[in-house]
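Peer 1: Quick one, fold the following:
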Amino acid sequence: QVQLVESGGGLVQAGGSLRLSCAASGRTSSSYSMGWFRQAPGKERDFVAAVSWTGDSTYYADSVKGRFTISRDSAKNTVYLQMNSLKPEDTAVYYCGAAVHPSHFSGSYSYWGQGTQVTVSS
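Peer 2: A predicted model of the protein is given here:
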């Protein structure tokens, strides 16, 4: 069993930055690849970024490439999402998930956190 807890969301103006954190716990949590997804009201949960369990490989949605950076600190068992140049369309609940392999597909993730709200004002 893996437990995930997100933090770092909030309200920010367009052009601003936020850093989300996802703290993982559980016996095998460090061996999972991790991903960030987001879900706006009335929409599906969309892929944002993923990182392999080694941290060597990262993947991004086209909509955030060049603005967001995913990273992980294995010593702290924490994954981060640094979000820069935020836009109103980035407003959503952001979720982190754990999967055996990095994936754009939400169904590949076995564990999810409770989510953290990000609101970008124009």
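
Peer 1: nearest spatial neighbour of Arg67, skipping sequence neighbours?
Peer 2: Ser85 (4.7 Å; C-beta to C-beta, 6 or more residues apart in numbering). (C-beta placed from N, C-alpha, C; glycine too.)

Peer 1: how about the most centrally placed residue in the chain, what does it touch?
Peer 2: The centroid of the chain falls nearest to Trp36 when counting by C-alpha atoms, centre = their mean (2.4 Å). Shown in contact with Trp36 (C-beta atoms under 8 Å, 6 or more residues apart in numbering): 20, 22, 48-50, 70, 79, 81, 94-97.

Peer 1: per-residue pLDDT, it?
Peer 2: Predicted confidence (pLDDT) for Trp36: 98.

Peer 1: picking that back up, can you pull the contacts of the residue nearest to Arg67?
Peer 2: 15, 17, 67.

Peer 1: Any figure for the gap between the second one and Ala98?
Peer 2: Pointing back at Ser17 there. 25 Å (C-beta to C-beta, to the nearest Å).

Peer 1: neighbour count winner among the two?
Peer 2: Using other C-beta atoms under 10 Å as the criterion, Ser17 and Ala98 rank with Ala98 on top: 25 against 11.

Peer 1: helix or strand right after the helix or strand in which the more buried one is found?
Peer 2: Using DSSP states H and E, Ala98 sits within strand 92-99. The helix or strand immediately downstream of strand 92-99 is strand 109-112, counting by DSSP H and E.

Peer 1: elements contacting that next one?
Peer 2: Applying 3 or more C-beta pairs under 8 Å, 6 or more residues apart in numbering; DSSP states H and E, one finds that strand 109-112 makes contact with strand 3-7, strand 92-99.

Peer 1: And the ones you listed: which comes nearest Glu44?
Peer 2: If you check each of those against Glu44 by C-beta to C-beta, strand 92-99 wins as the nearest, at 10.9 Å.

Peer 1: Below-threshold pLDDT in this protein: ranges please.
Peer 2: Of all residues in the chain, none has pLDDT under 70.

Peer 1: From Lys87, how far off is Ser63?
Peer 2: Separation of Ser63 from Lys87 (C-beta to C-beta) stands at 9 Å.

Peer 1: Alright, that wraps it up for me.
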